[in-house]
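In: Pasted the sequence and its predicted model underneath.
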Amino acid sequence: MALIYYADDEKEVRDIVTVFLRSDGNDVEAFPTGDLLLAAFLRAPCDLVLLDIMMPGTDGIGIMTRLREISKVPVILLTAKDTDSDCYTGITLGSDDYITKPFKPMLLSAKIHALLRRVQLENDGITRSNENDFSCGNLRYTWRQHACTVNSTVLTLTPTELRYITFLMGHFDEAVSRDTLLDKIWGMRCEVETRVVDETNRRLRKKLTAAGANVYVQTVWGYGFKLTKKAGAV
């Protein structure tokens, strides 16, 4: 059973989602504002956070920014506007997924299950079954720390970014399709989700460049992406 904190100022929506998620086997604490959710998180962290973007007080984006300063807890944003700016802002600041209102509770449940399943696999499966380190150029993954470094500098990555880059490292210099990435990293195959892939790539490219990595995420036009060495790298 997962402990989920959920903030939404629309009481009717909040009540419906809370009842549904509880019937799905989760322990849910719902809040009318993001500020109350953040206060609860500071007292006792949860397993996953659901945040409506448009709320009184500090909006969902602001709360997520605060959470990302102190935690890598999975975050799903709820947005009433299906616009590029909403999705772009949320993904840029480190949300693990988003869903546009109005939505079917079953879709939200599927996203939650997919995200929690990936986190569980990381904690209980991946690092324990693959007890080794591996490198691609000067980018290195260390299983004991479950972290990536470039020349001993630890990269500050969200859980999704870490899953993404290590998946590409496992397929170094191989082209991986968008559909495969959406399925393996986000657990979804939906055209709108391609923006999540693009933004994750943008963030990773920026972080790899800043750390002095000699590898980068290359676009394979019309297909997907691959992690490969920069020209002239040894």
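Out: Received, thanks. Numbering: from 1, shown residues only.
In: worst-scoring helix or strand of this structure, pLDDT-wise?
Out: Lowest mean confidence among the helices and strands of the chain (mean pLDDT, DSSP states H and E): helix 127-129, at a mean of 41.
In: residue ranges with poor pLDDT in this protein?
Out: Along the chain, segments meeting pLDDT under 70 span 81-94, 118, 120-132, 187-194, 232-234.
In: Of all residues in it, which one is nearest the centre?
Out: Closest residue to the average C-alpha location of the chain: residue 96 at 2.3 Å, with CA atoms, centre = their mean.
In: Pretty sure it sits against residue 162.
Out: No. Counting by CB atoms under 8 Å, residue 96 stays clear of residue 162, with 11.1 Å between them. Just so you know, the C-beta spots here come from the backbone N, C-alpha and C atoms, and that holds for glycine as well.
In: Give the residues shared as contacts by these two.
Out: Residues touching both residue 96 and residue 162 (CB atoms under 8 Å, 6 or more residues apart in numbering): none.
In: the strands in this protein, which residues?
Out: Remark: strands assigned in the chain by DSSP state E are 3-7, 27-31, 48-52, 75-79, 97-100, 134-136, 139-142, 147-150, 153-154, 176-177, 215-220, 224-229.
In: rewinding a little: which ones are touching the residue nearest to the centre of the chain?
Out: Going by CB under 8 Å, 6+ apart, residue 96 touches 74-76, 115, 158-160.
In: Out of those residues, which is nearest to residue 62?
Out: Among the contacts of residue 96, residue 75 lies closest to residue 62 (CB to CB), at 12.5 Å.
In: how close does residue 38 get to residue 46?
Out: With the distance defined as CB to CB, to the nearest Å, residue 38 ends up 11 Å from residue 46.
In: Who has more neighbours out of the two?
Out: residue 38 (23 against 20; other CB atoms under 10 Å).
In: thought that one was touching residue 59?
Out: No. At 11.8 Å, residue 38 does not count as touching residue 59 under the criterion of CB under 8 Å.
In: can you pull the contacts of the spatially closest residue to residue 21 that is not a sequence neighbour?
Out: Of all residues not flanking residue 21 in the chain, residue 28 sits nearest, at 4.9 Å (CB to CB, 6 or more residues apart in numbering). Counting by CB under 8 Å, 6+ apart, residue 28 makes contact with 3-6, 18, 21-22.
In: what separates residue 28 from residue 19, distance-wise?
Out: In terms of CB to CB, residue 28 sits 9 Å off from residue 19.
In: so who does residue 101 touch?
Out: Taking CB under 8 Å, 6+ apart, we find residue 101 in contact with 13, 78-80.
In: which of those count as buried?
Out: Listed as buried from the contacts of residue 101 are 13, 78-79; burial here means 16 or more other CB atoms under 10 Å.
In: could you dump these to TSV with distance to residue 175?
Out: Below are the buried ones among the contacts of residue 101 laid out as TSV (distance: CB to CB, whole Å):
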residue	distance to residue 175
13	41
78	34
79	32
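In: Residue 74 contacts residue 159, correct?
Out: Yes. Residue 74 is in contact with residue 159 according to CB under 8 Å; the separation is 6.3 Å.
In: Outline the domain layout of this structure.
Out: What automatic domain parsing lists as the domains of the chain is 3-119, 132-229.
In: Please say which of residue 74 and residue 159 ends up with more neighbours.
Out: Set residue 74 next to residue 159 and count neighbours by other CB under 10 Å: residue 74 wins out with 23 against 18.
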